[in-house]
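Colleague: The sequence and its predicted three-dimensional model are supplied below.
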Amino acid sequence: MNSVELARKVFWVGAADPDLRVFDIVVKTDYGTTYNSYLLVGEKVALIDAVKEGFENVLFARIEEHVPLERIDYLIVNHTEPDHSGAIKLLLARNPKIKLVCSKPAVPFLKNIVNDESVAIDGVKGGDRLDLGGLTLEFISAPFMHWPDTMFTYCPEEKILFPCDGYAAHFAPYESIFFKPGDKVHEKEAWHYYDAIMRPYASFCRKASQAVIGMDIKIVAPSHGPINRDEPKRFIEKYLEWTAPKNVGDKKRVLIAFASSYGNTRMMAQEIDQTLQQAGLSTTMVDLAHIPAKELRDHYEAADAILFGTPTFVGDVVKPVWDAAQLLMTVSSVGKKAAVFGSYGWGGQAVDILESYLEGLKLKVHKPGVKARLVPSQTELEECRRFAEAFSGFVRQG
Ligand code: FEO
C-alpha cells in the first residue's frame, strides 16, 4: 500500500503491522494494527503523529512520495506513547529543524524521549491554532484519553479530526485503510480497544467525546486502524454509549465482593449486607471464587462503593480477592469508596494488606476494616454491624 489521499493536501503516510499479536505486553491484537501518521502539505508542512521505531523507513518513503523530509516544519505529537513517538528521534536525525508541537503536559515526556535540549518543543493548549498556509490545525485538549498528555488535532478546512488513540482499533485492514460500513471485525476490535486501553479513563473519554460530538467532522483519522469517512461519528457515538454512567438510581450502590473458605467471611458479609440494606443502601453480593472477570468489572463500574471480604491465608490476601483487586485498574476506580473485612485464624493481616493496596490505587478507604477470629461470635457480628453503619455514613458523604 502506498500513501493514501484523504483530502486535498492531506495524506495517510503510516505503516501497517499486520502480524502483531500482542500490543503493550498485555493487549491481544488478533488482526495486527497500524501506526497511522498523516501529512498535511500547506505552505508549511506538518506531520501528525509518528510511528513505532522499526517502521520509520516505511513512514519516510510515504512522506517522500509528496515532499522531501527536509520540508517538514512541524511534527504534531498528539500523544507520546512509543508506538507514536518511537520514530521521532530518527525523523529528527534526518531533519533537525522540525518543531515538535504537543500539549503542555506532553512537553516533559517529549524532552525525556528526545533527550536533546536543541530540539524545539512547543507546548499548546486546547483552542490554540497553527496556520500552515492554506490549512489550519486546531488543538483540542483530551487529557487521559488515555495518557495525561493526550490532545486531538482538527483541520477545519477539510473537517478532519485526528484523535490519536481515541476511536481507534488495533486492526490492520486487508486492502484499504478506510472504514467499511458493517465490518463486524472492526466493530469488535474497536470495543476491545476501548475495553483494554480506554476503559479505566471512561469519564475522561466521555468528556472528550462530548466536546467533539457536535463538531463539523467529515473524517475521523485515528492513530490505529481504519479511517472513518463513511460514518465519521460512529465511534464517537459508541464511546458516549460505552462511557454512560452505570451507577444511576436513587440509592447509593455498594458491591460486597468476598471469598470465603469455610463460611466465616461469608457470615460477616451477610451481616454487613443486612445492615447496609437497613441503612437504605442498595447492595450486591458476589462470591469472588466464582464470578467471571467480565461480570465483576461491570459490577465495579455500577457501584458507588466496594467492600472486599478476604480471609487471611498464610499471612496474605487469598488469591481470588487479589485477582479481583487487580482488576480495579482495568476500570474507572480512582476515588471510589472502599473498605475491607475478613475472618482469620491467628494473624488477620490480609485486611491491612488489602487496605494499603486499595489506597495505592487511589480508592478512598474507610479504615480500620473489621476482623473476626474463626467463627464470628455474637460480639464480632455486632462489630460487623457497627462497621457497616459507619461505612454507610462514609458512602453517603460527598
Ligand atoms: Fe497508540 Fe497510547 O498509544
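Modeller: It's in.

Colleague: The residue of the stretch 51-200 of the chain found nearest the ligand: how many residues sit nearby?
Modeller: For the stretch 51-200 of the chain and the ligand, the shortest gap (Cβ to the nearest ligand atom) falls at residue 81, measuring 3.5 Å. Quick note: C-beta positions are derived from backbone N, CA and C, even for glycine. Around residue 81 there are 19 other residues, counting by other Cβ atoms under 10 Å.

Colleague: ok, now residue 324?
Modeller: Residues lying near residue 324 (other Cβ under 10 Å) number 26.

Colleague: so what's it up against?
Modeller: 257, 288, 296, 308 (Cβ atoms under 8 Å, 6 or more residues apart in numbering).

Colleague: Show me the contact partners of stretch 193-208.
Modeller: Contacts for stretch 193-208 (Cβ under 8 Å, 6+ apart): 26-28, 140, 142-146, 152, 163, 165-166, 168-170, 224-225, 238-240, 242-244, 297, 301, 329-333.

Colleague: contacts with the ligand among these, please.
Modeller: Restricting these to those touching the ligand (Cβ under 6 Å from any ligand atom) yields 146, 165, 224.

Colleague: Walking through the stretch 101-250 of the chain, point out its strands one by one.
Modeller: Secondary structure of the stretch 101-250 of the chain (DSSP state E, counting those that start in this stretch): strands located at 121-124, 129-131, 136-141, 151-155, 160-162, 219-220.

Colleague: Format those strands as a markdown table; extra columns: mean neighbour count.
Modeller: Formatted as a markdown table, the strands of the stretch 101-250 of the chain follow (neighbours: other Cβ atoms under 10 Å):
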| stretch | mean neighbour count |
| --- | --- |
| strand 121-124 | 18 |
| strand 129-131 | 14 |
| strand 136-141 | 20 |
| strand 151-155 | 25 |
| strand 160-162 | 25 |
| strand 219-220 | 22 |
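
Colleague: got these as CSV, with mean pLDDT columns?
Modeller: Shown next, in CSV, are the strands of the stretch 101-250 of the chain (pLDDT from 0 to 100):
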stretch, mean pLDDT
strand 121-124, 98
strand 129-131, 98
strand 136-141, 98
strand 151-155, 98
strand 160-162, 98
strand 219-220, 98
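
Colleague: quick one: which of the contacts of residue 324 is nearest to the ligand?
Modeller: For the contacts of residue 324, the minimum distance to the ligand (Cβ to the nearest ligand atom) is 25.1 Å, reached by residue 296.

Colleague: The closest one: neighbouring residues, count only.
Modeller: 20.

Colleague: Tell me where the stretch 151-300 of the chain has helices.
Modeller: Under the criterion DSSP state H, counting those that start in this stretch, helices of the stretch 151-300 of the chain are mapped to 184-193, 202-212, 234-242, 264-278, 293-302.

Colleague: Point out the other helices and strands that the longest one packs with.
Modeller: With contacts defined as 3 or more Cβ pairs under 8 Å, 6 or more residues apart in numbering; DSSP states H and E, helix 264-278 has these neighbours: strand 253-258, strand 282-287, strand 305-309, strand 337-344, strand 370-373, helix 378-396.
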